[in-house]
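>>> Sequence and predicted model, in that order:
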Amino acid sequence: MQHEALAHTEDFGGPDHHLPSHPCIPGKDVPYQHYALGRAYDEMFTREGQVHPHYGSLDGRLTTLPPDELLRRQQACEQTFLHQGITFTVYSDNQATERIIPTDLLPRIVTAREWARVEAGLKQRIAALNMFLRDIYGDARVLRDGIVPRSMIYGSKHYRREMRGLAVPHGAYVNVCGSDLIRDETGDFVVLEDNLRVPSGVSYMLANREVVRRAFPAVFRSMGVRAIEHYPNELLNTLRSLAPFHEDVSIAVLTPGVFNSAYFEHAFLARQMGVELVEGRDLLVNDNVVYTRTTSGLKRIDVIYRRIDDDFIDPLIFRDDSALGVPGLFNAYRAGNVTLANALGTGVADDKAIYAYVPRLIRYYLSEEPILGSVETFLCREVSSLSHVLANLDKLVVKAVGESGGYGMLVGPHASQKERDDFAQKIKADPDNYIAQPTIQLSTAPTFVDGGVEARHVDLRPFILHGEQTTIVPGALTRVALKRGSLVVNSSQGGGSKDTWVLSE
Amino acid sequence: MLSRVADSLYWMARYLERGEHTARLVAVKLESMVEQTREDADASWHRVVEAVSAGESAPKAHDAYIITQTLAFNRVNPSSLVSSLRFARDNARQVREHLSTEVWEHLNKLYLRLLPVTTDAVWSHSPERIFREALEDFHTLQGVVLSTLTHNEGYHFLQLGRYIERAQLISRLLDLHFRSQPGKPTPKYFDWLVLLKFCCAFEPYSRAYTASIRPERIAQFLIFDPEFPHSVRFAVDRVVDSLSRVAPAAPPARRATVERLAGKLKAAVDFGQVEDLMSGAIVPFLADITHQCEQIHEAVHVSYISYGAETVL
């Protein structure tokens, strides 16, 4: 903790609004002299360069602080991260170097009204997705009714035949979901992607809050920012509600180990919840019951928050070369003696083709209209879409269905004619495997860059907990593309993160 | 406590003890080599190499530079100082949640400071200095362990690893000095003095016996002294004490082997006397101590760390 480092920057209350006599104009006045407003929706400024009311306090602070003060606060944030070990590991030359994830000093602010819609939309979405999973691993009504083509399910590499007919507690398959939302050019939040397998990033949401709140204490206090610190407790309650038995529930976080890039998060969550952090080799199964091996003897485990992919969870059932998993774990799961969170086989519902069907699934299961929009998606398996995609490759982003992390992808506007022609051949050869979407300008938010405040593209990843009840902590991980003009927010490709302030108003 | 966590703490402490021992041997040897004849210095270096090397990795040359390079800074040699530190740090990293921030940071800094050092860089003047500095850091780290960790089961696994390693290292060092080695010069006055320094024992020994250096008194002091921290008996006492505090809820049946072995080892050093060892019995005695330490290591592993489900259900 670096309380001392920040002590001299504490602005103990007092007026935040000693605004300069005239407003500072983006693209012109310090500190916004390099702030470029473009086609994208901007979180802070209107198209005319007026500050949105909910950014007023922050604007007041930014325009009155001495120029090097922001830099000092940014450095204090980075120090805190380094000292607390909030780092990821880069391996090269047989040595491990630990680096911090870039965190931006400036919070991204979401109004109460916007949040209410996001929250309601996500709750609706996770309800439908869970009903969908329960259905396809049960009666498969949705397939019989022709809502979703059979081949899309049974052909998916994330479909787990082993899950057929297995009842999970409360019918809750996805217990922790991290959905990626973006704003379209009109400022509406739309869902870009659901992460239903083992989403990560929540530790950064919590760590960012710790440091950014201390960088802007007065602004933070004056704005009525909603608390997120109870996330670990909510996660614990969710996991507890999934226990097969309800007395003296024993919970563990299962990590692939210290070499995993998200290890910090696994250890952090285990510590915050006060439960054991285990690796596959700490667990053993006897008579379909799962135990941890402790020095004093075996201790039964009832719920496992697993941060290992399906494929690696049990070498007897899935990949037999997995050294991360636990032999026999799946049979214990089938026998109902242990709960895995998330359930296995949830990946079938977050692939890029199913994404296009989610609005239909919401209507089918809930008889409601979707609250949150989606990005327009063309399924190349549909003949009319295929011809549209092939005719408009220069305007579209084409993605392979089963891939993630930017693999098997064509960004039409940035590709050469030859690349587009080659990709067109691939699409024609296997249209089922491809979807296409228009290129979307993610919204921009003020970001501290090179001593000034500039516009950078951001997304929003809230975390949804779903057990006996559905809970969304009012906050999110905002990922930011730190390179000017870049739309790629992934931390592996120059992305950073921001604290997200949801206002209570 | 998770068995894996206990195991990592145990090994972290063993590697730290081994690293500290290596640093001290090299430091003392570098400081003392100028006062010996070539032949005696070679024999003495040879004992250092034997004391801290595992088989193949031992340097073949007698050259002090090469030996220092191999024992201290060679990253490929698994028993070098930097390798010991790396293994200690790797183990610590896996159980960071069970260590204090202070312990982790001290260990991490010590490792990061020694990692880039080359023999070339330190050889031209006072090469022993880097080892003395490392020793200071090792001693500080032990203090930080003592004062910032909760003295719970994990702490006792650290103590167990540290003192099992120490009992074995001291036994091996004594063996190398008391065993007659054909074709090599027998240890002289100066070598016995160096042996005491290898064990930070010169001053405590002198207070107990004056500076009159006699092998049987050295054996008495380094094997049987109950109060000197680098004696075998002291280390064994700590081992026995730690064993009584780990795995507190394990049923008596599973504790039985460990406790029997601990009692047997304790009896050997509590009731042994140096008079019985001086007629050539010291070498088998030391071998027996080492063997018993290995048995305890095995028994701890089987009883608390790697036991199968079938043995407890």
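Yes, it's here. Numbering: from 1, shown residues only, chains lettered A, B, ... in the order given.

>>> Poorly predicted segments of the chain, please.
The chain I'm using is chain A. For chain A, the stretches flagged by pLDDT under 70 are A:1-22, A:83, A:85, A:88-98, A:402-407, A:492.

>>> You answered for a different chain; I wanted chain B.
For chain B (pLDDT under 70), the answer is B:54-57, B:60.

>>> Show me the helices in it, by range?
B:3-32, B:38-52, B:64-68, B:81-94, B:101-114, B:119-123, B:128-148, B:153-178, B:189-198, B:202-209, B:215-219, B:232-245, B:252-271, B:282-300 (DSSP state H).

>>> Could you export those as JSON lines, including mean neighbour count?
Backbone N, C-alpha and C define where each C-beta goes, glycine included. Output for the helices of chain B, formatted as JSON lines (neighbours: other CB atoms under 10 Å in any protein chain shown):
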{"stretch": "helix B:3-32", "mean neighbour count": "24"}
{"stretch": "helix B:38-52", "mean neighbour count": "19"}
{"stretch": "helix B:64-68", "mean neighbour count": "19"}
{"stretch": "helix B:81-94", "mean neighbour count": "22"}
{"stretch": "helix B:101-114", "mean neighbour count": "17"}
{"stretch": "helix B:119-123", "mean neighbour count": "14"}
{"stretch": "helix B:128-148", "mean neighbour count": "17"}
{"stretch": "helix B:153-178", "mean neighbour count": "24"}
{"stretch": "helix B:189-198", "mean neighbour count": "20"}
{"stretch": "helix B:202-209", "mean neighbour count": "15"}
{"stretch": "helix B:215-219", "mean neighbour count": "18"}
{"stretch": "helix B:232-245", "mean neighbour count": "22"}
{"stretch": "helix B:252-271", "mean neighbour count": "16"}
{"stretch": "helix B:282-300", "mean neighbour count": "19"}
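
>>> Nearest to A:Val289 among those would be which one?
Closest approach to A:Val289 among those is made by helix B:3-32 (17.5 Å; CB to CB).

>>> Does that closest one reach chain A?
Yes. Using CB under 8 Å from any CB of the partner chain, helix B:3-32 reaches chain A at B:Ser3, B:Arg4, B:Ala6.

>>> mind checking which of the helices of chain B is nearest A:Asp499?
Short answer: helix B:101-114, nearest of the helices of chain B by CB to CB, at 23.6 Å.

>>> For the closest one, what is the distance to the chain centroid?
Centroid separation for helix B:101-114 versus its chain: 20 Å, with CA atoms, centre = their mean, to the nearest Å.

>>> Roughly how far does the closest residue to A:Phe216 other than its chain neighbours sit from chain B?
Residue nearest to A:Phe216 in three dimensions, not counting chain neighbours: A:Arg61, with 6.3 Å by CB to CB, 6 or more residues apart in numbering or on different chains. A:Arg61 sits 32 Å away from chain B, going by CB to the nearest CB, to the nearest Å.

>>> for chain B, what are the nearby residues on chain A?
So chain A meets chain B at A:85, A:257-258, A:267, A:270-271, A:276-279, A:281-282, A:284-287, A:291-298 (CB under 8 Å from any CB).

>>> if you look at those, which of them are in helices?
A:Ala267, A:Ala270, A:Arg271.

>>> Tally up the residues packed near the first one, please.
It refers to A:Ala267. 19 (other CB atoms under 10 Å in any protein chain shown).

>>> pretty sure it contacts A:Thr255?
Yes. Judged on CB atoms under 8 Å, A:Ala267 makes contact with A:Thr255 at a distance of 7.4 Å.

>>> what's near enough to touch B:Val240?
Shown in contact with B:Val240 (CB atoms under 8 Å, 6 or more residues apart in numbering or on different chains): B:Ala262, B:Gly263, B:Leu265, B:Lys266.

>>> For the first one, give me its contacts.
So the one you mean is B:Ala262. Per CB under 8 Å, 6+ apart, neighbours of B:Ala262: B:Val239, B:Val240, B:Leu243, B:Ser244, B:Ile296.

>>> got the phi/psi numbers for A:Leu192?
Per-residue torsions, A:Leu192: phi -100, psi -30 (degrees, to the nearest 10).

>>> nearest spatial neighbour of it, skipping sequence neighbours?
Nearest to A:Leu192 is A:Asp180, by CB to CB, 6+ apart, at 4.6 Å.

>>> How far away from the center of its chain is stretch A:163-176?
21 Å.

>>> contact partners of it?
A:126, A:129-131, A:133-134, A:137-138, A:196, A:199, A:235, A:238-239, A:241-244, A:305, A:333-334, A:336, A:339, A:341-346, A:349, A:463-468.

>>> tell me how far the ends of it are from each other?
18 Å (CA to CA, to the nearest Å).

>>> what do you get for stretch A:253-270?
Note: stretch A:253-270 ends 6 Å apart using CA to CA.

>>> quick one on the thing from earlier: please flag which of the contacts of stretch A:163-176 sit within strands.
A:Tyr305, A:Thr339, A:Ala341, A:Phe463, A:Ile464, A:Leu465, A:His466 (DSSP state E).

>>> now the fifth one, which residues is it bridged with?
It refers to A:Ile464. Counting by DSSP bridges, A:Ile464 is bridged to A:Cys177, A:Ile472.

>>> same question, the third one
Partner residues in beta bridges with A:Ala341, using DSSP bridges, are A:Tyr305.

>>> Quick check, it in contact with A:Ser241.
No. Using CB under 8 Å, A:Ala341 makes no contact with A:Ser241, being 10.1 Å away.

>>> and the two? which has more neighbours close in?
Neighbour tally, A:Ala341 and A:Ser241, criterion other CB under 10 Å: the higher count belongs to A:Ala341, 26 against 20.

>>> OK, contacts around that one?
A:Asn175, A:Val176, A:Thr238, A:Leu239, A:Leu242, A:Val303, A:Ile304, A:Tyr305, A:Arg306, A:Gly467.

>>> What is the burial count for the fourth one?
Residues lying near A:Leu239 (other CB under 10 Å) number 25.

>>> Could you measure from it over to chain B?
From A:Leu239 to chain B the distance is 19 Å (CB to the nearest CB).

>>> That residue and A:Val502, how far apart?
24 Å (CB to CB, to the nearest Å).

>>> With the fifth one instead?
From A:Leu242 across to A:Val502, the span is 27 Å (CB to CB).

>>> Please apply the same query to the first one.
Separation of A:Asn175 from A:Val502 (CB to CB) stands at 22 Å.

>>> need the residues of the stretch 51-200 of chain B near chain A, please.
The stretch 51-200 of chain B has residues B:Arg93, B:Gln94, B:Arg96, B:Glu97, B:Trp104, B:Glu153 near chain A, with proximity defined as CB under 8 Å from any CB.

>>> One more pass at 10 Å, please.
Counting by CB under 10 Å from any CB of the partner chain, the stretch 51-200 of chain B comes close to chain A at B:75, B:86, B:89-90, B:93-98, B:101, B:104-105, B:108, B:115, B:153-154, B:157.

>>> all helices for the stretch 101-250 of chain A, in order.
For the stretch 101-250 of chain A, the helices defined by DSSP state H, counting those that start in this stretch occupy A:112-136, A:141-144, A:150-154, A:202-215, A:217-223, A:231-241.

>>> I would like the residues contacting the third one, please.
What that stands for is helix A:150-154. A:132, A:136-137, A:140, A:142-144, A:159, A:161, A:348-349, A:351, A:353-354, A:356-357, A:379, A:381, A:401, A:432 (CB atoms under 10 Å, 6 or more residues apart in numbering or on different chains).
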